[in-house]
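Novice: pasting a predicted model and its sequence here:
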Amino acid sequence: TDWVRRQVRVFVPRSTNMVYVRCGLAGTGQVIFDDASLTAQPARPTPAVAPGTNLLADPGYEGDGNAWEYSMPPYRGQRIDRDTVVFHSGKASIRYSSGEDGPFRARAGTCQVFGHELAGRHLRLSAWAKTDSLQRGGAYIRLYTTSPSRGMVQSSPGESLGLTRDWTRLSVELDVPPD
């Protein structure tokens, strides 16, 4: 490809004691980075969060996929794709496909990151999931947060789906620490 500019903007709360900046490569091939910069910007105002509002951007994977972050190990055949053939509602879903086994068991997933606007709130994450021939693992949803007073806090595991299951609603809840 030709040169592509990538930008990330993130809120850094006062309690942060370290920020890591990475330009990296996962997989095989080549990448060239040049002209990287890290600048401090004024924080955007905290948006109001109304109870009962779906906070996820593109919750049905109907868009171009850029509202989600993708994470998967660099194992041959491992894929995360938008699927417009199999879906619970709307016109699309997201399909995770395992490839060859790697040297260790690793997770694959999509996520969205939120900031301090959810501090002290009670959250419920729900999604519909369908599995096909899923072995030696499970499909699940989870909420994670970090707090200076409590460290990493995560929701209860909730139900995990394996083998072949029709559409099943999964749900987990979490009280976000006030700090």
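Specialist: In hand now; what should we look at?
Novice: residue closest to the middle of the protein?
Specialist: For the chain, the residue sitting closest to the mean C-alpha position, by CA atoms, centre = their mean, is Cys111 at 0.9 Å.
Novice: skip the chain neighbours and tell me the closest residue to that residue.
Specialist: Residue nearest to Cys111 in three dimensions, not counting chain neighbours: Glu69, with 5.2 Å by CB to CB, 6 or more residues apart in numbering. Where C-beta positions appear, they are placed from N, C-alpha and C, glycine not excepted.
Novice: wait, doesn't Tyr75 sit right on Ala106?
Specialist: Yes: proximity of Tyr75 to Ala106 meets the contact threshold set by CB atoms under 8 Å, at 7.3 Å.
Novice: quick check: the residue nearest to Cys111 touching Ile80?
Specialist: No: Glu69 lies out of contact with Ile80 (CB under 8 Å); the separation is 10.5 Å.
Novice: for this protein, which spans come out with low pLDDT?
Specialist: For the chain, the stretches flagged by pLDDT under 70 are 14-15, 27.
Novice: and the helix or strand containing Tyr70, how far out from the chain middle?
Specialist: In this assignment (DSSP states H and E), Tyr70 forms part of strand 69-71. Remark: strand 69-71 is offset 6 Å from the chain centroid, using CA atoms, centre = their mean, to the nearest Å.
Novice: what packs against the next helix or strand after that strand?
Specialist: Downstream of strand 69-71, the first helix or strand assigned by DSSP H and E is strand 79-83. When contacts are defined as 3 or more CB pairs under 8 Å, 6 or more residues apart in numbering; DSSP states H and E, strand 79-83 packs onto strand 93-97.
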